[in-house]
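K.L.:
I would like to see how this sequence folds:
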Amino acid sequence: MGGADRACVVRLLGLLGLLGLLPRCALALGAAEQVPLGCFLYGWKISDAITSIPNPVNASDAQECQKKCAMTSECKSFGFQPAFHDCWLGSDMQTPVRTLVGSFVAGPAECVAERSFLSGLQASPGCTASPSIHFPGRTARESASTFTSGMVPVPLQCWPHYASTGKPALCKGSIMQVLEDTATGWPGTCLGLHLMPDETSETCETPRRQTA
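P.N.:
Numbers count the residues shown, from 1 in each chain. From the prediction side, this is the model:
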């Protein structure tokens, strides 16, 4: 897949998120797991622990950890390890780094919903922000500065996750919706794409249901 093709795919995925169609699979999630989408990052570390205060502190879940961070003047972000109920109070957000444990949760000290998706789920600024024309930057920090949130969204950040495991919520059985179709007027002018004859009986929906 060439650069133009990837750009087209990114555009379509971004459109899915903005229209709120991706999060429909999370309607069955528990209330405790339905924090504004994009507020919590699962499997990512986004800051260093503050050394001038006791760390970690105990918390029952990521939401309580976030509240403890918000009540601590030095705390700008948090990290929560569910297995041990460890709540790490962190410094300013940095470039996200993958953690060894997928259930590790990180996020800012405060994160509010900016808008609602069509699914009814709330979305944080991290799921609605777009980069400026200066994206991408020459460095990770420059790229992050082009977003109003101050951070480049990580993969699946705005997809609902199960709080207990940190894994993306499954969507099997959900109704699929076509956003843009050449049959209904979409010009389909993504650069670098070529029309390929369909030699199977599969539809675009078939492989999506098998992998979602």
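
K.L.:
can we go C-alpha only for contacts and neighbour counts from here?
P.N.:
OK.

K.L.:
show me the contacts for the spatially most central residue of the chain.
P.N.:
Residue closest to the average C-alpha location in the chain (CA atoms, centre = their mean): residue 157, at 1.1 Å. Neighbour list for residue 157: 37, 38, 40, 41, 42, 127 [criterion: CA atoms under 8 Å, 6 or more residues apart in numbering].

K.L.:
From the structure, what's the count of residues near residue 198?
P.N.:
8 (other CA atoms under 10 Å).

K.L.:
That should have said residue 201, apologies.
P.N.:
6.

K.L.:
Dig out what residue 41 forms beta bridges with.
P.N.:
Applying DSSP bridges to residue 41 gives these bridge partners: residue 106.

K.L.:
how close does it sit to residue 60?
P.N.:
17 Å (CA to CA, to the nearest Å).

K.L.:
These two: which is more packed in?
P.N.:
Taking neighbours as other CA under 10 Å, residue 41 and residue 60 compare with residue 41 leading, 26 against 14.

K.L.:
hang on, the more buried one packs against residue 107?
P.N.:
Yes. Contact criterion CA atoms under 8 Å: residue 41 and residue 107 qualify, at 6.1 Å.

K.L.:
for the closest residue to residue 62 other than its chain neighbours, what are its contacts?
P.N.:
For residue 62, ignoring the flanking residues on the chain, the nearest one in space by CA to CA, 6 or more residues apart in numbering is residue 80 at 5.8 Å. Residues near residue 80 by CA under 8 Å, 6+ apart: 61, 62, 65, 86, 87, 88, 104, 105, 106.

K.L.:
pretty sure the fourth one contacts residue 54?
P.N.:
Spelled out, it's residue 86. No. Counting by CA under 8 Å, residue 86 stays clear of residue 54, with 11.7 Å between them.

K.L.:
neighbour count winner among those two?
P.N.:
Higher neighbour count among residue 86 and residue 54: residue 86, with 20 against 10, using other CA under 10 Å.
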